[in-house]
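Student: Give me a model of this one.
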Amino acid sequence: MTTGTVQGVVAVLSIAYAPNLAVFTAAWLMAAVAMASPPTSPPSPPSPVGGAKTASAPSPAA
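Tutor: Okay, here's the model as predicted:
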């Protein structure tokens, strides 16, 4: 994920300062590759809001 971020920053700077159409096109393609890069690890599931407990079966009455 860090590699894609660095690649994206370099691509955006290259697009901004491209001296000609060939460099602009190459930088645009590099930005597309950076955006299409899959994350290195799956995202973690969101935590419950406000520390709410997850639903569970009710405990039996004593």
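
Student: Quick one: the helices in this structure, in order.
Tutor: Applying DSSP state H to the chain gives helices spanning 2-16, 21-36.

Student: With residue 4 as the reference, measure out to residue 18.
Tutor: Residue 18 sits 20 Å away from residue 4, going by CB to CB, to the nearest Å. From N, CA and C alone the C-beta is placed, and that goes for glycine too.

Student: ditto for residue 44
Tutor: 18 Å.

Student: So for those two, which sits in the more crowded spot?
Tutor: More crowded of residue 44 and residue 4, by other CB atoms under 10 Å: residue 4, with 16 against 6.

Student: Correct me if wrong: the more buried one contacts residue 34.
Tutor: Yes - taking contacts as CB atoms under 8 Å, residue 4 lies within contact range of residue 34: 4.9 Å.

Student: And the helices of the chain: which comes nearest residue 49?
Tutor: Residue 49 lies closest to helix 2-16 among the helices of the chain, at 28.0 Å (CB to CB).

Student: And for the closest one, what's in contact with it?
Tutor: Identification of contacts with helix 2-16 by CB atoms under 8 Å, 6 or more residues apart in numbering yields 23, 24, 26, 27, 28, 30, 31, 33, 34, 35, 37.

Student: before we move on, back to that, put together CSV for the helices of the chain, with mean pLDDT and distance to residue 48 on each row.
Tutor: As requested, the helices of the chain are exported to CSV (pLDDT from 0 to 100; distance: least, CB to CB, whole Å):
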stretch, mean pLDDT, distance to residue 48
helix 2-16, 90, 29
helix 21-36, 92, 31
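
Student: got JSON lines for these, with distance to residue 49 too?
Tutor: As requested, the helices of the chain are exported to JSON lines (distance: least, CB to CB, whole Å):
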{"stretch": "helix 2-16", "distance to residue 49": "28"}
{"stretch": "helix 21-36", "distance to residue 49": "30"}
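
Student: tally of neighbours for residue 11?
Tutor: For residue 11, using other CB under 10 Å, the count is 20.
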